[in-house]
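S.K.: 3D, please:
(one chain, ligands or ions: 1)
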Amino acid sequence: MGVEIRVDGLTKSFGRQVIWEDVTLTLPAGEISVLLGPSGTGKSVFLKTLVGLLKPDRGHCWIGDRDMPHLREHDLYETRKLFGVLFQDGALFGSMNLFDNIAFPLREHTKKSESAVKKIVMEKMEMVGLLGAERKLPGEISGGMRKRAGLARALVLDPEIILCDEPDSGLDPVRTAYLNQLIVDLNAETHATVLIVTHDINTARTVPDNIGLLFRRELVMFGPREMLLSSDEPVVRQFLNARKVGPIGMSEEKDVSELEAEARMGHDPGVLPPIPPQLMTGDGRLRTTQRAPGEWLRANGIVPPPGSFVDEAGRNWLEEWPRYVAERTPVGGGR
Ligand SMILES: Nc1ncnc2c1ncn2[C@@H]1O[C@H](COP(=O)(O)OP(=O)(O)OP(=O)(O)O)[C@@H](O)[C@H]1O
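M.R.: Numbering: from 1, shown residues only. Here you go, the predicted structure:
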């Protein structure tokens, strides 16, 4: 079962450059969260700080009763084993074939026999669709395959927490859809707590239980997917709807004159598009952390935009949900 991560008052700077200040949020155990933000707002720095690769200036990051920034080297090393991290470029060793790359954490952190290592590596390679590519070098395969190999490597220690830094960058939309499905299925199976950094708005809108947005050195908002998808907050609205109108400009933020010009031109943020149904497991199983469509909106008295929760096949999930749940029991609970 995944673990909760509580981030409290986290602040990070490099020299005089403050990256973000006073970030406070809770990543609920077993849920999928997405972190968004314009380029350079420190999303990768945030992931590296969570896993203890970077030290914050101040603040806490609690994994259970362990506060990552304040652990001694040995405890930090041990706690890191709870994490599986998919770095932006897959971070594979160029001189090792895929099998050895994926086996690396097992050989490094466990005393498993080579036959046990082989069994786990092959299982994870099958999971990400890489069987048959064991002997290939990272330089001989496509970017999408490298991502999947990076993901397989992140999974070999059966992590409680999975951090993915732009898993979809450089992937075509079809491969992105497959990877998103893989992450949702994995989460259902293992109950790992997942945090994904992405620029892909479709991923952000459909995959997570929660969404957070970094902008202007702070966490503007973090909460349930439906809360951000129905938010009036200009930055959140602009980002989640990929619009030009709003506070975010080409070089991070627009200045006052640009915003005044937009106002004079009569640009308005427009109507909210329909809220899409959340991506569910590939084989129709129910995740234990899955919330009912529209649950957060109903609890907060918000009427969703017309057409919300209708999928590509025209099914309305607000109506389908009770029957769907009645036919299923939640899946997983892996460990
Ligand atoms: N080790 C480091 N030393 C100094 N500055 C750093 C270091 N790592 C990151 N930075 C700076 O921190 C800022 C945030 O970088 P980061 O890569 O986290 O942004 P990001 O939001 O992930 O961007 P993108 O979406 O483009 O990947 C950048 O200005 C970067 O130059």
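S.K.: longest helix of the chain?
M.R.: In the chain, taking DSSP state H as the definition, the longest helix is helix 173-190.
S.K.: Buried residues, that helix. List them.
M.R.: If you call a residue buried by 16 or more other CB atoms under 10 Å, then helix 173-190 has these buried ones: 175-180, 182-190. To be clear about C-beta, it is placed using only N, CA and C from the backbone, and glycine gets the same treatment.
S.K.: If we only consider these, which is nearest to the ligand?
M.R.: residue 176 (16.1 Å; CB to the nearest ligand atom).
S.K.: distance of that closest one from residue 225?
M.R.: 18 Å (CB to CB, to the nearest Å).
S.K.: Same question for residue 30.
M.R.: 15 Å.
S.K.: Could you tell me how many residues sit around residue 40?
M.R.: Per other CB atoms under 10 Å, the neighbour tally for residue 40 reads 12.
S.K.: quick one, phi psi at it?
M.R.: phi 80, psi 10 (degrees, to the nearest 10).
S.K.: buried set for the helix or strand containing residue 319?
M.R.: Assigned by DSSP states H and E, residue 319 belongs to helix 317-326. Residues 317, 318, 321, 324 are the ones in helix 317-326 that count as buried (16+ other CB under 10 Å).
S.K.: just stretch 139-156 next, same as before
M.R.: 141, 144-156.
S.K.: tell me the SS of the most centrally placed residue in the chain?
M.R.: The chain has residue 196 as the residue nearest its centroid, 1.5 Å off, counting by CA atoms, centre = their mean. Three-state assignment for residue 196 (DSSP: H, G, I helix; E, B strand; the rest coil): strand.
S.K.: List the beta-bridge partners for it.
M.R.: Legend: beta-bridge partners of residue 196 under DSSP bridges are residue 34, residue 164.
S.K.: Do you have the strands of the stretch 1-150 of the chain handy? List them.
M.R.: 5-14, 17-27, 32-36, 58-63, 66-67, 83-86 (DSSP state E, counting those that start in this stretch).
S.K.: For residue 50, find the nearest of those strands.
M.R.: Nearest to residue 50 among those is strand 58-63 (5.8 Å), distances taken as CB to CB.
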